[in-house]
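# The following block contains a protein sequence and its predicted model.
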Amino acid sequence: MQELSCKDVVDRIPALVAGDLGAEAVAAIDRHTATCAACAREVAQGRALAGLLDQMAERSAVAPPGGSLLDILPIVAYDRIDSPVGPLLVAVSPRGLCRVDYGGTEAEIVAWAESQRLVPRHDPDAVRPYATQLQEYFAGARQHFDLQVDLAAVSPFTRRVLEATAQVPFGRLVTYRDIARIIGQPGATRAVGNALGSNPVPIVVPCHRVVRSDGTIGGYTGGLAIKWHLLAIEGVTLPTV
Amino acid sequence: MTDSAGSTRGTVFEDLVTRHQAEIYAYIYRMVRHDGEAQDLCQETFLRAFRAFSGLQGTPNYRAWLYRIATNTTLNALRRRRTGERAAATLTRAQPVAVDGDPAGDLDRRDLLDRIEAAIAALPVKQRLALTQRRFQGLGYAEIAESLGMSEDAARANVYQAVRKLRAQFAAELEEVGLCRN
């Protein structure tokens, strides 16, 4: 058993205070201080400091704020659901539905969430109320969506276009020009088309109800076949193109 | 789900939040001494962590990595908010220690704790952070080294240097407390 010199003991005091020493090392210090008053005094000072630091840790131990940070972090819940027009990736932020992607992959939604500084979470339970309304729509059992939509990720212009489009009733058609007029920018027909092309929540914001002024169907993010399908669900027929 | 990479990553991050949010909050609180500010900075820490998360290579020591982000986030905030004034103003709001017995002795002890706390706040930043992480947060030297961007030896040296300074600064008081204990 190696005995410590006075210098060894004094050198070890910071480690003693830091809580770095094992039982054996502490016992060696105690053996030394049992017969060395000067070192005993030094070690007692160190232990007093250690005790005060313990008390300090205790008194500044604070309860973390109630709830989980997960409730504060901007989490976006997503799930992939089946539909008659193929799989849909549905994403929901704390503010509401924020994405409906035709054939979207999980990797795409994760990349999108990260680009928006959102935390993606695969959470079918959180998505289910939204998914249910979409499925009711496809089944012909719902004409109006009753859910919150989060358009925070779109530009102010696109938001105005989407908000105007959201007012178009089930089974009715309007033109790009109508929407441009409604938002007070009658010359912005093409910009309206572009804005609708970037609609993050198709079906719910019914951009499929917007067609060209000449009566032809116009374009659609998910492909024209899907636009036709949605219009058919709503009983809409267009003149032959 | 066929492509589970994103889901796994999201789950790992949420586990990190769940496991470490309380201690990261406590760590930040010890630096800023203000509940609302600590909450804001804790949230900012985890947001920054999330943004950096997808770019992480391999599986680092997540705890040390979070401490590094929390340290940088908080030090930046303290720099912005003029540390000295806030620390001085908030030190007086430290919670009282619940000690049974002698009320006069309690006051002395509380005063001593306040003064040591102020002395820790006045230490050079690396010593202060290393001591806080070691003594109050229970981090090992490898974690302290990683979170503060220094070697383990340097982390240990910073803690020991902080201890030596506090001992020197409060020698008389510690002697008295030591005598009371013996």
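The structure has been received and is ready for your questions.
# Can you tell me the element the residue located most distally from the centre of chain A falls in?
Largest separation from the mean C-alpha position in chain A: A:Thr35, at 64.4 Å (CA atoms, centre = their mean). Under the criterion DSSP states H and E, no helix or strand holds A:Thr35.
# can you pull the pLDDT of it?
In the prediction, the pLDDT value recorded for A:Thr35 is 93.
# Domains of chain B: list them as residue ranges, please.
Domains of chain B are assigned by automatic domain parsing as B:1-88, B:99-182.
# Put together TSV for the ones you listed, with mean neighbour count and distance to A:Pro87 on each row.
C-betas here are computed from N, CA, C, even on glycine. Below are these laid out as TSV (neighbours: other CB atoms under 10 Å in any protein chain shown; distance: least, CB to CB, whole Å):
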stretch	mean neighbour count	distance to A:Pro87
domain B:1-88	17	10
domain B:99-182	17	42
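# Lowest mean pLDDT across those, which one is that?
Comparing mean pLDDT across those, the weakest is domain B:1-88, with a mean of 79.
# Turn the domains of chain B into a markdown table, including distance to A:Arg190.
A markdown table is the format used below for those (distance: least, CB to CB, whole Å):
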| stretch | distance to A:Arg190 |
| --- | --- |
| domain B:1-88 | 35 |
| domain B:99-182 | 53 |
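# Determine which of those approaches A:Gln45 most closely.
domain B:99-182 (4.2 Å; CB to CB).
# how about that closest one, does it reach chain A?
Yes. Applying CB under 8 Å from any CB of the partner chain, one finds domain B:99-182 touching chain A at B:109, B:112-113, B:116-117, B:134-136, B:156, B:159-161, B:163-164, B:166-167, B:170-171, B:174-175, B:177-179, B:181-182.
# Chain A: strands as residue ranges?
A:75-81, A:88-93, A:96-102, A:119-122, A:174-175, A:210-211 (DSSP state E).
# what packs against the fifth one?
Right, the one you point to is strand A:174-175. Here strand A:174-175 touches strand A:210-211, going by 3 or more CB pairs under 8 Å, 6 or more residues apart in numbering or on different chains; DSSP states H and E.
# So what are the sheet partners of the strand it packs on and their directions?
Next to strand A:210-211 in the sheet, as set by DSSP bridges, lie strand A:174-175 (parallel).
# Show the contacting residues for the spatially most central residue of chain B.
Centroid-nearest residue in chain B, with CA atoms, centre = their mean: B:Tyr27, separated by 3.5 Å. Contacts for B:Tyr27 were tallied using CB atoms under 8 Å, 6 or more residues apart in numbering or on different chains; they are B:Tyr67, B:Ala70, B:Thr132, B:Gln133, B:Phe136, B:Gln137.
# Next one: it from A:Gly197, what distance?
47 Å (CB to CB, to the nearest Å).
# for B:Ser147, same thing?
46 Å.
# Name the surrounding residues that touch the lengthiest helix in chain A.
Ranked by residue count and defined by DSSP state H, the top helix of chain A is helix A:37-59. Here helix A:37-59 makes contact (CB under 8 Å, 6+ apart) with A:6, A:9-10, A:13-14, A:16-17, A:19, A:29, A:32-34, B:94-97, B:109, B:112-113, B:116-117, B:135-136, B:163, B:166-167, B:170-171, B:174-175, B:177-179, B:181-182.
# If we use 7 Å, what do you get?
Helix A:37-59 is contacted by residues A:6, A:9-10, A:13, A:16-17, A:29, A:32-33, B:94-95, B:97, B:112-113, B:116-117, B:135-136, B:163, B:166-167, B:171, B:174-175, B:177-178, B:181-182 when judged by CB atoms under 7 Å, 6 or more residues apart in numbering or on different chains.
# CA atoms only for it - export them in PDB, please.
Provided in PDB are the C-alpha atoms of helix A:37-59 (Å, rounded to 0.1, in the frame of the first residue of the first chain):
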ATOM      1  CA  ALA A  37      -2.200  18.100  11.000                       C
ATOM      2  CA  ALA A  38      -1.200  20.600   8.300                       C
ATOM      3  CA  CYS A  39      -2.500  18.400   5.500                       C
ATOM      4  CA  ALA A  40      -5.600  17.600   7.600                       C
ATOM      5  CA  ARG A  41      -6.400  21.300   7.600                       C
ATOM      6  CA  GLU A  42      -5.900  21.600   3.800                       C
ATOM      7  CA  VAL A  43      -8.100  18.500   3.100                       C
ATOM      8  CA  ALA A  44     -10.800  19.800   5.500                       C
ATOM      9  CA  GLN A  45     -10.900  23.000   3.500                       C
ATOM     10  CA  GLY A  46     -11.200  21.100   0.300                       C
ATOM     11  CA  ARG A  47     -14.000  18.900   1.700                       C
ATOM     12  CA  ALA A  48     -15.700  22.100   3.000                       C
ATOM     13  CA  LEU A  49     -15.600  23.500  -0.500                       C
ATOM     14  CA  ALA A  50     -16.900  20.200  -1.900                       C
ATOM     15  CA  GLY A  51     -19.800  20.300   0.600                       C
ATOM     16  CA  LEU A  52     -20.700  23.800  -0.300                       C
ATOM     17  CA  LEU A  53     -20.600  23.000  -4.000                       C
ATOM     18  CA  ASP A  54     -23.000  20.100  -3.300                       C
ATOM     19  CA  GLN A  55     -25.300  22.500  -1.500                       C
ATOM     20  CA  MET A  56     -25.100  24.900  -4.400                       C
ATOM     21  CA  ALA A  57     -26.000  22.200  -6.800                       C
ATOM     22  CA  GLU A  58     -28.900  21.300  -4.700                       C
ATOM     23  CA  ARG A  59     -30.200  24.800  -4.300                       C
END
